[in-house]
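> Using only what follows, build the 3D model:
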Amino acid sequence: MSIASTTLLSLQQAGESLYAARQAFAQEVQHNASRVVGIVASEPFSNDADRAYGQLRTIARMAHELQAMEEQLKTLYGSAMELTAPETPVLVALSDRHPSVRAHPNATGTEGAEDVVVKPALQKQPPKKRAATKVSTESVGRPPRLSANDEKVLGYLQQVLDRRGWKTFTQATIAQGAGIPLGSVGLAMRRVIAAGAVREGKKGSYRLG
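Numbers count the residues shown, from 1 in each chain. From the prediction side, this is the model:
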């Protein structure tokens, strides 16, 4: 069993929404902090100053809770990625075993029965093998398609990496440099590496492909 790519995409979109909400709350914190400073400077002991300070603490706490939710979603996204698996190898394995299953009942029959039953089976099997091979070749040989976030990550890495040596980056650094949510970095890096544009060495070390 595995998780569908559409489910993984839903998690990625949720991470992008959380990231946007956290950025908006960060701006609210800055705006209200400036407002509190102005009120305290003019009326330090007024009720308005106390109320404004209380509102600032509430907004700051909400921004902190959004950041914690984003970290939890990042962990959930990483676990979901580990449950995704390609289905093509399973199809190839089934088609490889299929002829032996078809031929087994004929091994117990008479010589004349083998002539009648086995010959039609041999005429039908080769097209099935060719079809399975075609599916495997098309799905495995095709490079992964890069999304908008993938292109941003690749553009950033092309600016900071070269082919001469390895450089180490954290996912947070890549997210900040590419301007994408932190929860989207893992999948973007997998696609960029699978496309051959970037190579991965030791954990967190990369260079251009």
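> helices or strands up against the helix or strand Gln13 falls within?
With the criterion set as DSSP states H and E, the secondary-structure element containing Gln13 is helix 5-42. Of the remaining helices and strands, those touching helix 5-42 by 3 or more CB pairs under 8 Å, 6 or more residues apart in numbering; DSSP states H and E are helix 47-82. Bear in mind the C-beta positions are built from the backbone N, C-alpha and C, glycine included.
> The helix it packs on to helix 5-42, inter-axis angle?
Between helix 47-82 and helix 5-42, the angle formed by their directions is 160 degrees, by axes from the mean of the first three to the mean of the last three CA atoms, to 10 degrees.
> any idea how far helix 47-82 is from the chain center?
Once both centres are worked out by CA atoms, centre = their mean, to the nearest Å, helix 47-82 turns out to sit 23 Å from its chain's centre.
> just to revisit the earlier point, which positions in the helix holding Gln13 come out as buried?
Of the residues in helix 5-42, those scored as buried under the neighbour-count criterion (16 or more other CB atoms under 10 Å) are 8, 11-12, 14-15, 18-19, 22, 25, 28-29, 32, 36, 39-40.
> Nearest to Met81, out of these: which one, please.
When these are compared for distance to Met81 (CB to CB), Leu8 wins out at 6.8 Å.
> Next, name the residue at the spatial heart of the chain.
For the chain, the residue nearest the mean C-alpha position is Leu187 (2.7 Å; CA atoms, centre = their mean).
> Go ahead and list the helix or strand containing that residue.
Per DSSP H and E: helix 185-194 holds Leu187.
> helices or strands up against that helix?
Contact here means 3+ CB pairs under 8 Å, 6+ apart; on that basis helix 185-194 packs against helix 47-82, helix 148-160, helix 171-178, strand 198-200.
> how about it: buried residues?
For helix 185-194, using 16+ other CB under 10 Å, the buried residues are 185-189, 191-192.
> Please tabulate those residues in CSV, including the columns distance to Lys152 and pLDDT.
What follows is those, written out as CSV (distance: CB to CB, whole Å; pLDDT from 0 to 100):
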residue, distance to Lys152, pLDDT
Val185, 10, 89
Gly186, 14, 88
Leu187, 13, 90
Ala188, 8, 90
Met189, 12, 89
Arg191, 12, 91
Val192, 10, 90
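> what about the nearest residue to Gln158 once chain neighbours are set aside, neighbour count?
In space, and not counting its chain neighbours, Gln158 is closest to Leu208: 6.8 Å by CB to CB, 6 or more residues apart in numbering. Under the neighbour criterion other CB atoms under 10 Å, Leu208 is assigned a count of 15.
> where does Leu208 fall, phi/psi-wise?
Note on Leu208: backbone dihedrals following degrees, to the nearest 10 are phi -70, psi 150.
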